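Q: predicted model and sequence follow; I will ask about them next.
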Amino acid sequence: MKGRRPTPLRLCTALLACALAAQPGPARAEPETPLAARTFVRTVAAARTMIAADIVITGDIQAQAQTNVSFRTNGKVGTRLVEVGDHVEADQVLARLDPQEQRANLDNARAALTSAEAQLTQAKLSFKRQETLLASGYTTRPAYDNAEQQLRTTQAAVDSAKAALGTAQEQFSYTELRAGVAGIVLSRSLETGQVVQAGQSVLVLAQDGPRDAVFNVYEALLATPPDSKTVEVVLQADPGVVAVGAVREIAPSVDPASGTVRVKVGLDRTPPQMGLGAVVIGRGKFRPQAAIVLPWSALYRWKSQPAVWVLDPKTGTVAPRTVTVERYGADTIALAAGLEPGEQVVTAGIQFLRPGQTVTVAAGGEGGR
């Protein structure tokens with residue numbers, strides 16, 4: 001069957017339809033992102049400020065001076081007269097040794113002195129007789145000289161016996177252990193019947209007088225010490241009992257067992273409630289330092305390091321930034337490095353963010369777009 005040829009009218013209609021189809025239509029408007037699908041955040045402008053945080057550490061009360069008490073002679077302990085915690089006076093007897101050996105030595109010294117004094121009396125009479133005879137011409141000069149020499153020898157023997165007696169009496173007094181200073185017995189290591197050596201420490205006394213508040217602190221704390229050496233010390237059991245002191249001594253080395261450094265704060269006046277061993281709390285202030293302070297909500301963890309989210313105002317995108325935290329506060333953090341003043345830091349909504357994400361700053365957020 002032969003096809004029919006198109007009429008001129010049909011041909012014009014087809015060409016017009018093709019031309020209209022080839023012309024571009026009006027541009028379509030892209031649909032806006034729904035309000036519910038947007039990521040809203042709040043930001044704050046980083047600013048460097050001076051901060052001075054408080055130091056709060058715990059320690060105890062100790063005596064500024066301690067004395068190790070020991071016998072000055074060997075012997076066996078016969079009597080112990082004090083217990084740990086007793087307060088003693090300077091001349092108080094704390095313990096006694098069995099004095100048998102010292103008493104025997106003392107008796108021997110007394111007997112030796114009595115003998116020497118008897119010989120001296122005899123020598124004096126002999127010398128007096130020779131002196132009279134020499135004046136009358138009834139004796140010789142050598143006999144007189146011998147009597148004089150004997151007198152001097154016996155006099156020296158008496159002096160020596162007196163010195164020996166004094167030594168024996170002193171050794172006998174060493175059998176009594178006296179405090180030497182007033183204080184409190186902190187510890188003891190002697191019992192009745194125990195044999196002790198001269199110089200062996202058997203008691204430790206905390207001397208009466210000034211007291212220290214002793215704290216064990218980490219070495220990092222001493223890297224930036226407080227601006228003032230004054231420390232307020234509060235009794236833990238009764239916060240109303242307060243004393244003020246100054247740092248008196250800092251240990252030159254770190255304790256290998258605890259990894260801390262011992263710091264002694266000398267108290268100006270020790271309240272009676274702050275007895276030896278009382279637990280106290282020390283408070284001081286760090287030297288003011290410049291740092292960027294942000295709320296806790298800005299802190300994020302990125303690649304196992306502390307970080308914050310920083311907003312780029314030009315592109316409206318966010319990116320994580322690792323930072324160095326100077327110290328942590330109750331509701332803020334202080335940054336030592338990682339941010340520059342003026343940068344916009346996200347403080348709310350960080351749990352929904354990813355690197356390079358475009359965000360919208362909620363009304364009321366500082367630095368909003």
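A: Ah, there it is. Residues are numbered from 1 along each chain as shown.
Q: buried stuff in the strand or helix carrying residue 57?
A: Here residue 57, judged by DSSP states H and E, is contained in strand 54-63. For strand 54-63, a neighbour-count test (16 or more other C-beta atoms under 10 Å) marks 57, 59, 60, 61, 62, 63 as buried. C-beta here means a position set from N, CA and C on the backbone, and glycine is covered the same way.
Q: export these to a markdown table and tack on pLDDT and distance to residue 247?
A: Shown next, in a markdown table, are these (pLDDT from 0 to 100; distance: C-beta to C-beta, whole Å):
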| residue | pLDDT | distance to residue 247 |
| --- | --- | --- |
| 57 | 87 | 12 |
| 59 | 93 | 12 |
| 60 | 94 | 16 |
| 61 | 94 | 16 |
| 62 | 93 | 15 |
| 63 | 92 | 17 |
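Q: run through who's touching the strand holding residue 57.
A: With C-beta atoms under 8 Å, 6 or more residues apart in numbering as the test, strand 54-63 has contacts from 183-184, 206-207, 209, 211-217, 221, 226, 236, 264-265, 270, 274-286.
Q: dump the buried residues of strand 54-63 to JSON lines, plus distance to residue 244.
A: Conversion of those to JSON lines gives the following (distance: C-beta to C-beta, whole Å):
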{"residue": "57", "distance to residue 244": "15"}
{"residue": "59", "distance to residue 244": "15"}
{"residue": "60", "distance to residue 244": "17"}
{"residue": "61", "distance to residue 244": "14"}
{"residue": "62", "distance to residue 244": "17"}
{"residue": "63", "distance to residue 244": "19"}
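Q: of those residues, which is the nearest to residue 317?
A: Nearest to residue 317 among these: residue 57, at 44.5 Å, using C-beta to C-beta.
Q: out of everything not next to it in sequence, what's closest to residue 277?
A: Nearest residue to residue 277 in three dimensions, chain neighbours excluded: residue 60, at 5.7 Å (C-beta to C-beta, 6 or more residues apart in numbering).
Q: so what's that neighbour bridging to?
A: In this structure, residue 60 bridges to residue 214, residue 279 when assessed by DSSP bridges.
Q: output the below-cut-off pLDDT ranges for the stretch 201-350 of the chain.
A: The model of the stretch 201-350 of the chain has pLDDT under 70 over residues 220, 223-228, 286-287.
Q: now the helices for it?
A: Here the stretch 201-350 of the chain has its helices, by DSSP state H, counting those that start in this stretch, at 219-223.
Q: mind listing the strands for it?
A: Secondary structure of the stretch 201-350 of the chain, counting by DSSP state E, counting those that start in this stretch: strands at 201-207, 211-218, 230-235, 242-250, 260-267, 279-285, 289-295, 300-302, 305-312, 317-322, 324-328, 332-337, 344-348.
Q: any chance of those strands in CSV, plus mean neighbour count and distance to residue 68?
A: Formatted as CSV, the strands of the stretch 201-350 of the chain follow (neighbours: other C-beta atoms under 10 Å; distance: least, C-beta to C-beta, whole Å):
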stretch, mean neighbour count, distance to residue 68
strand 201-207, 20, 4
strand 211-218, 20, 18
strand 230-235, 19, 27
strand 242-250, 16, 19
strand 260-267, 19, 19
strand 279-285, 18, 25
strand 289-295, 18, 44
strand 300-302, 14, 53
strand 305-312, 19, 50
strand 317-322, 18, 54
strand 324-328, 15, 42
strand 332-337, 17, 47
strand 344-348, 21, 59
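Q: could I get these as TSV with distance to residue 98?
A: Formatted as TSV, the strands of the stretch 201-350 of the chain follow (distance: least, C-beta to C-beta, whole Å):
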stretch	distance to residue 98
strand 201-207	15
strand 211-218	38
strand 230-235	45
strand 242-250	42
strand 260-267	41
strand 279-285	42
strand 289-295	66
strand 300-302	72
strand 305-312	70
strand 317-322	74
strand 324-328	63
strand 332-337	68
strand 344-348	79
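Q: got the residue ranges for the helices in the stretch 51-200 of the chain?
A: With DSSP H, counting those that start in this stretch as the criterion, the stretch 51-200 of the chain has helices at 100-136, 141-173.
Q: now the ones you listed in TSV, with distance to residue 90, mean pLDDT and mean neighbour count?
A: Formatted as TSV, the helices of the stretch 51-200 of the chain follow (distance: least, C-beta to C-beta, whole Å; pLDDT from 0 to 100; neighbours: other C-beta atoms under 10 Å):
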stretch	distance to residue 90	mean pLDDT	mean neighbour count
helix 100-136	23	92	15
helix 141-173	15	93	15
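Q: same list (the ones you listed) but as TSV, adding distance to residue 44.
A: Formatted as TSV, the helices of the stretch 51-200 of the chain follow (distance: least, C-beta to C-beta, whole Å):
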stretch	distance to residue 44
helix 100-136	83
helix 141-173	79
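Q: compare those and give me the one nearest residue 196.
A: Residue 196 sits nearest to helix 100-136 of all the helices of the stretch 51-200 of the chain, at 13.6 Å, using C-beta to C-beta.
Q: now do the closest one: which elements does it pack against?
A: helix 141-173 (3 or more C-beta pairs under 8 Å, 6 or more residues apart in numbering; DSSP states H and E).
Q: now do the strand holding residue 57 and strand 230-235, the angle between them.
A: Interaxial angle of strand 54-63 relative to strand 230-235 (axes from the mean of the first three to the mean of the last three C-alpha atoms, to 10 degrees): 70 degrees.
Q: please export the C-alpha coordinates of strand 54-63 as PDB.
A: Provided in PDB are the C-alpha atoms of strand 54-63 (Å, rounded to 0.1, in the frame of the first residue of the first chain):
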ATOM      1  CA  ASP A  54      42.600  28.000  93.100                       C
ATOM      2  CA  ILE A  55      44.800  25.200  94.500                       C
ATOM      3  CA  VAL A  56      43.100  22.800  96.900                       C
ATOM      4  CA  ILE A  57      45.300  20.100  98.400                       C
ATOM      5  CA  THR A  58      45.100  17.800 101.500                       C
ATOM      6  CA  GLY A  59      47.800  17.200 104.100                       C
ATOM      7  CA  ASP A  60      48.400  16.800 107.800                       C
ATOM      8  CA  ILE A  61      49.900  18.700 110.800                       C
ATOM      9  CA  GLN A  62      53.400  17.800 111.800                       C
ATOM     10  CA  ALA A  63      56.000  19.200 114.100                       C
END
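Q: nothing else from me, thank you.
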